[in-house]
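Asker: what follows is a protein structure lacking sequence information:
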């Protein structure tokens with residue numbers, strides 16, 4: 001009886017996290033969702049780029065920002081070179097009065113770099129991006145437009161992942177599902193995370209990040225919500241990035257992100273208080289349960305192995321076959337490219353392995369290992 005209860009409870013956690021909650025949010029967003037008022041605004045805007053050893057692409061990134069269809073006299077770019085030991089600061093300093101560079105003498109981490117950069121920002125709105133992406137046409141205008149609504153405190157754009165040579169589409173598929181969920185949460189006022197490559201904020205709502213904080217793209221919007229404002233997602237404010245062809249690199253990227261969620265919980269315990277966290281239900285369902293899913297999967301596997309009955313024997317065998325299928329999706333990329341759902345199975349396994357290791361990683365790693373490259 002206990003084994004059966006553990007098995008079905010664990011399966012229920014997995015099913016709710018990856019299917020039940022997204023379907024519930026989609027239905028509620030369709031019935032009760034609301035978009036903010038928008039206007040074609042062009043207020044003074046500062047775009048902050050945190051960079052570490054990016055001499056090969058920082059000049060191109062700054063040119064990309066300045067090429068946006070935004071009034072030139074109202075657009076500024078602030079590049080903060082976080083103790084780079086190459087020529088990042090020099091390459092970023094274009095011959096353009098709209099560009100300024102803050103060259104830090106030592107590497108202090110992205111969180112501290114952003115804090116120091118924001119001390120120099122005097123525009124009402126500030127946008128954030130990284131060195132490796134590029135903006136789509138009209139991205140900054142689309143990012144700023146929702147601020148016409150006084151309730152909006154932060155706006156996330158839409159990060160589009162372009163497959164690298166030799167990379168599969170499995171991460172892109174997962175990311176498209178994630179973005180659809182975020183868009184539905186935004187319509188309900190539940191959005192609590194933004195894309196670090198393309199988001200904007202009312203400067204007055206910026207809350208300095210503790211040193212070593214990994215997820216500035218969670219810390220910032222959560223404080224906007226705690227201040228009583230809304231976080232919106234502008235799907236037409238697009239930034240482009242390239243997915244990694246290296247599965248190991250992609251795994252470590254997800255591991256850093258998921259470990260950052262544990263770190264965030266330790267630094268912002270109000271998240272676990274439903275009376276103070278205005279998006280507790282969404283945060284718990286969307287973020288926290290994903291950290292627990294791999295443990296639920298392990299419980300389901302062992303419970304089905306130890307519980308008597310033909311149904312649980314079948315469930316145990318089905319799980320083993322499923323994991324073998326997922327491993328094939330990771331280890332045999334050419335086969336995965338030809339077999340439907342095989343890449344998705346591999347991604348599911350990779351993400352949950354990263355989630356499984358995220359708690360010990362967050363406890364064992366120094367923050368500088370959780371985030372080094374900006």
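Answerer: In hand now; what should we look at? None of the values given here were measured: they were computed from a predicted structure.
Asker: show me where the stretch 101-250 of the chain has its strands.
Answerer: Remark: strands assigned in the stretch 101-250 of the chain by DSSP state E, counting those that start in this stretch are 125-129, 134-135, 152-162, 199-202, 230-242.
Asker: ok, and what's touching the fourth one?
Answerer: Contacts of strand 199-202 from elsewhere in the structure, counted by CB atoms under 8 Å, 6 or more residues apart in numbering, are 45, 124-128, 143-144, 147, 153-157, 217, 220-221, 224, 229. Where C-beta positions appear, they are placed from N, C-alpha and C, glycine not excepted.
Asker: related to what we said a few turns ago, do you know which of the strands of the stretch 101-250 of the chain lies nearest residue 300?
Answerer: When the strands of the stretch 101-250 of the chain are compared by CB to CB, strand 152-162 sits nearest residue 300, at 30.4 Å.
Asker: partner strands of the closest one, parallel or antiparallel?
Answerer: In the sheet, strand 152-162 lines up against strand 199-202 (antiparallel), strand 230-242 (parallel) (DSSP bridges).
Asker: find me the pLDDT at the closest residue to residue 278 other than its chain neighbours, would you?
Answerer: Of all residues not flanking residue 278 in the chain, residue 225 sits nearest, at 5.4 Å (CB to CB, 6 or more residues apart in numbering). pLDDT recorded at residue 225 is 98.
Asker: now swap in residue 369 and tell me
Answerer: Model confidence at residue 369, given as pLDDT, is 50.
Asker: and if you look at residue 336?
Answerer: Predicted confidence (pLDDT) for residue 336: 73.
Asker: so which other helices or strands are in contact with the helix or strand harbouring residue 330?
Answerer: If you go by DSSP states H and E, residue 330 is part of helix 310-331. Applying 3 or more CB pairs under 8 Å, 6 or more residues apart in numbering; DSSP states H and E, we find helix 310-331 packed against helix 2-15, helix 289-306, helix 333-336, helix 342-364.
Asker: re the thing from before, now which of the contacts of strand 199-202 would you call buried?
Answerer: With burial judged by 16 or more other CB atoms under 10 Å, the buried subset of these is 45, 125-128, 143-144, 147, 153-157, 217, 220-221, 224, 229.
Asker: wait, is residue 76 part of a strand?
Answerer: Yes: under DSSP: H, G, I helix; E, B strand; the rest coil, residue 76 sits within a strand.
Asker: got the contact list for the closest residue to it other than its chain neighbours?
Answerer: In space, and not counting its chain neighbours, residue 76 is closest to residue 46: 4.6 Å by CB to CB, 6+ apart. Neighbour list for residue 46: 76, 77, 78, 121, 122, 123, 125, 126, 127 [criterion: CB under 8 Å, 6+ apart].
Asker: quick one: the third one and residue 123 touch, right?
Answerer: No: with the criterion set as CB atoms under 8 Å, residue 78 and residue 123 do not qualify as a contacting pair; they are 9.9 Å apart.
Asker: having no further points to raise, I will conclude here.
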